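K.L.:
just a sequence and a predicted model for now, questions to come.
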Amino acid sequence: MKELFKGFIILILSGFLFSSHTLTEETELFKEHKDNIRKGNTCISCHDVEEIKELTHLSAWITSHKSVAIRKEESCLKCHSTDFCADCHSVRQGLKPSEKNFGDLEPSYPHRGEWKTRHTIEAKADPSRCYRCHTRKFCSDCHPRVESPHPQGWLSIHGEEARKNIASCSSCHEDGANTVCIGCHRVGGPGGKPHPKGWSDERPGIKRTKDRPCVYCHKQ
Amino acid sequence: MKKNLSFFLSVIMVILCFKGSALAFKYEINSKTIWLLFEEERTGVSANLAPLYEFLSIRTSDAGVNGLEVNLSLWGEVQTLDWWEGERGDSKLIYGYLRYRNPELGIDAKGGRIFVASGASPILKQFDGGYFSYRFKKGSMVEIYGGSQFDELDEERKGNWLTGTRLSHRWDDRGEIGISYLYEAERDDINFNRIGIDGWSFFGKFNLNGYLSYDITYNEFADGDINLTWFTNRKFFKELNLEVGYRSTSSFLGNQSVLSVFAFGNYFDPGIKFTLEKGGLQILPGYEAMLYLDPSRQAHRFSLRLSKFFRDGDYVPILEVSRLQMSDDVDYTEFRVGMHAKVVKKMSSDFEILWDLFDKKIKIGEEKAGYAFQALLSLNYEILNWMRINAGVSLYEGISSDWNWKGYGKIEILL
């Protein structure tokens, strides 16, 4: 793999050494756009409205850009580089986009400045969003032992709450065979067997002797 | 195998050496060198951190052969003062691939570490492998991709592999419909085994797009969303956006989690977004208002945001009220005031303050969620037309954190 990587680097460097250097058309266009915007021009200063009607980045854009980006990648590349996508979509880059581009006036960057103070709120609301990019280790780096957030009497109502949002439970209690749930929810345990009425391991796709959740209890 | 690869690279290198000049070898390089300085506390221990980051991306086009591109992007980090155990430095290849594009022939092929967002794939997939697409002259297209995923989160390759395909047809710029299949395995477990249908269409002042995927393993719809936008183009009412999403809980947790045994309900996420704008159709509107409602999963999320763009976006004040009512334990009403502005020609500022209007319900540690403040002042200077320098300082304060500051420095090179 290292040899391959070396070869790749040599390939690129050789290309620069032995060729005449010009900017790609996209780079020239990109720079030209950036310069124009910096001078105070807007898109309609140069473009016809019809030409750019899909490119209006209004408030909902951050959640709705996927469909445009997939089908018209070339339109995005007129103003953005591929790295612009990777800023948010390639996780574990070490820096969040608002810090990587800290000079930008961009209110929609995810996890902007004060995020640290309010991430608990969002994490409680929908932890499955966090898990799209982060693992539990990301939480435990700073919160190795979080005190139980559950109120008194939780035991009697936890089933109902869990059904509302099981992903919320998984933010702390998903621990494979060591998960706290199957300590009680097992045959002979105080929680009884966890399966709902009518449960059958004949369900298509379920392999009782193979699937991870099954084998924790149904070891052969 | 290695010999073959070395031979392959040597051949390309020779082609580049002798043909590059004739074809005017084109390239772009973007380098961002960033240095931060701040104090961080973990479990009662404080450290002065000063990480130095380098983000480098290189792209060449017509690399020896017309339509051949080399794309490379990587980053590295090293702590120059204190560091947490096991976190002295890090580096990653973000993407690195060869691409051949020939629009006349309708061919697009990539090989290496690539990103793909296609059909049944719910998010951008990053993997080491290949992608090939062929567009027929009448608008149909076939895409196929496959490879091995490097799990960035766990930082290991767990025997993951995936393959996917999509068949689609496009009617000029009026619409497109596609069917797709995605299979992803992690050792012996199946993470994804889905078929999907997706599409978009412009008709009159409406845009409709969405997708739906079906989980073959679990025999149920896995997730989907449909999004309808009405471009009213009226003076004060620019856009109405209606979005309805669905996600199956059991297929989301999948056979990764024992909790899937307890998961009965499915998510249904309707969201309604209104965007109002004055000043006609332009990228930076005169002002905008956005209302977002999300009555999903017995939770209620509401947000109303007002912003005005002065001098084409040089000064953008923002007022926002949002409420999240999730359960008796999570009930939060937030009021936010912000200002994003170019203070003077070379200086920008980013300021926001927010607080919980009713100061109750959510607890973080021993404190209630109350308020947060952050301000970033940045000096942006272009030394040459290919080099920029930025320096900034931010202040922030809020729940579970006293006054904090962070220093920023950046040199950006664009060649």
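P.N.:
Okay, I see it.

K.L.:
count of residues packed around residue B:107?
P.N.:
Neighbourhood size, residue B:107 [other C-beta atoms under 10 Å in any protein chain shown]: 14. Placement of C-beta: from N, CA and C, glycine included.

K.L.:
tell me who's in contact with it.
P.N.:
Counting by C-beta atoms under 8 Å, 6 or more residues apart in numbering or on different chains, residue B:107 makes contact with B:100, B:101, B:132, B:133, B:134.

K.L.:
rerun that using 10 Å as the cut-off
P.N.:
B:67, B:100, B:101, B:132, B:133, B:134, B:135 (C-beta atoms under 10 Å, 6 or more residues apart in numbering or on different chains).

K.L.:
same question, residue B:47
P.N.:
Contacts of residue B:47 by C-beta under 10 Å, 6+ apart are B:38, B:39, B:40, B:41, B:79, B:81, B:82, B:83, B:84.

K.L.:
next: residue A:96.
P.N.:
A:87, A:88, A:109, A:110, A:111, A:112, A:113, A:115.

K.L.:
of the residues you listed, which are in range of chain B?
P.N.:
A:87, A:88, A:109, A:112, A:113, A:115 (C-beta under 10 Å from any C-beta of the partner chain).

K.L.:
re earlier: can you list which of the contacts of residue B:107 are found in strands?
P.N.:
Among the contacts of residue B:107, the members falling in strands (DSSP state E) are B:100, B:101, B:132, B:133, B:134, B:135.

K.L.:
format the residues you listed as TSV; extra columns: neighbour count and distance to chain A.
P.N.:
As requested, the ones in strands among the contacts of residue B:107 are exported to TSV (neighbours: other C-beta atoms under 10 Å in any protein chain shown; distance: C-beta to the nearest C-beta, whole Å):
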residue	neighbour count	distance to chain A
B:100	17	15
B:101	17	10
B:132	16	16
B:133	18	12
B:134	14	16
B:135	17	12
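
K.L.:
lowest-confidence member of these, which is it?
P.N.:
Across those, the member with the lowest pLDDT is residue B:101, scoring 87.

K.L.:
and residue B:350, how far from residue A:98?
P.N.:
8 Å (C-beta to C-beta, to the nearest Å).

K.L.:
all strands of the stretch 151-300 of chain B, in order?
P.N.:
When assigned using DSSP state E, counting those that start in this stretch, the strands of the stretch 151-300 of chain B occupy the ranges B:160-171, B:175-186, B:189-203, B:206-215, B:220-231, B:239-247, B:267-278, B:287-294, B:300-308.

K.L.:
now the end-to-end length of stretch B:207-222.
P.N.:
The straight-line separation of the ends of stretch B:207-222 (C-alpha to C-alpha, to the nearest Å) is 24 Å.

K.L.:
do I have it right that residue B:106 meets residue B:170?
P.N.:
No - with contact defined as C-beta atoms under 10 Å, residue B:106 does not reach residue B:170; the gap is 11.8 Å.

K.L.:
so which of those two has more stuff around it?
P.N.:
Neighbours per residue, other C-beta under 10 Å: of residue B:106 and residue B:170, the larger number sits with residue B:170, 18 against 15.

K.L.:
got the contact list for that one?
P.N.:
Residue B:170 sits next to A:71, B:135, B:138, B:139, B:140, B:141, B:176, B:177, B:178, B:199, B:200 when contact means C-beta under 10 Å, 6+ apart.

K.L.:
ok, now with 7 Å
P.N.:
B:139, B:141, B:176 (C-beta atoms under 7 Å, 6 or more residues apart in numbering or on different chains).

K.L.:
if I look at the first one, how far off is chain A?
P.N.:
Spelled out, that is residue B:139. Using C-beta to the nearest C-beta, to the nearest Å, residue B:139 is found at 12 Å from chain A.

K.L.:
weakest of the strands of the stretch 151-300 of chain B by average pLDDT?
P.N.:
strand B:287-294 (a mean of 60).

K.L.:
quick one on the thing from earlier: nearest to residue A:77, out of the ones in strands among the contacts of residue B:107: which one, please.
P.N.:
residue B:101 (12.1 Å; C-beta to C-beta).

K.L.:
what's near enough to touch that closest one?
P.N.:
B:67, B:108.

K.L.:
beta partners of it?
P.N.:
Per DSSP bridges, the residues bridged to residue B:101 are residue B:108.

K.L.:
and it, how far from residue B:243?
P.N.:
33 Å.

K.L.:
and for residue B:127?
P.N.:
For residue B:127, the distance to residue B:243 - C-beta to C-beta - is 28 Å.

K.L.:
do the same with residue B:137
P.N.:
From residue B:137 to residue B:243 the distance is 34 Å (C-beta to C-beta).

K.L.:
neighbour count: those two, which is higher?
P.N.:
Under the criterion of other C-beta under 10 Å, the comparison of residue B:137 against residue B:243 puts residue B:243 first, with 21 against 6.

K.L.:
is that one in contact with residue B:224, as I believe?
P.N.:
No - with contacts counted by C-beta atoms under 7 Å, residue B:243 stays clear of residue B:224, the gap being 11.2 Å.

K.L.:
more crowded one of residue B:350 and residue A:98?
P.N.:
residue B:350 (26 against 21).

K.L.:
pretty sure the more buried one is touching residue B:341, no?
P.N.:
No - using C-beta under 7 Å, residue B:350 is not in contact with residue B:341, being 8.1 Å away.

K.L.:
rewinding a little: and of the ones next to chain B among the contacts of residue A:96, the nearest to chain B?
P.N.:
Nearest to chain B among the ones next to chain B among the contacts of residue A:96: residue A:113, at 3.4 Å, using C-beta to the nearest C-beta.

K.L.:
in a helix, that closest one, correct?
P.N.:
No - per DSSP: H, G, I helix; E, B strand; the rest coil, residue A:113 lies outside any helix segment and is coil.

K.L.:
how about it, nearest residue that isn't a chain neighbour?
P.N.:
residue B:374 (3.4 Å; C-beta to C-beta, 6 or more residues apart in numbering or on different chains).

K.L.:
pairing partners for the one you found in the sheet, please.
P.N.:
Beta-bridge partners of residue B:374, as defined by DSSP bridges: residue B:352, residue B:396.

K.L.:
tally of neighbours for it?
P.N.:
So residue B:374, with other C-beta under 10 Å, has 23 neighbours.

K.L.:
same question for residue A:65.
P.N.:
Using other C-beta under 10 Å: residue A:65 sits among 14 other residues.

K.L.:
can you tell me how far it sits from residue B:227?
P.N.:
11 Å.

K.L.:
repeat for residue B:201
P.N.:
Distance from residue B:201 to residue B:227, by C-beta to C-beta: 11 Å.

K.L.:
settle it for me: which of these two has more neighbours?
P.N.:
Set residue B:201 next to residue B:227 and count neighbours by other C-beta under 10 Å: residue B:227 wins out with 22 against 13.

K.L.:
which residues does the residue nearest to the more buried one when sequence neighbours are not counted bridge with?
P.N.:
Distances taken as C-beta to C-beta, 6+ apart place residue B:243 nearest to residue B:227, at 4.7 Å, with adjacent residues excluded. Note on residue B:243: beta-bridge partners by DSSP bridges are residue B:227, residue B:271.
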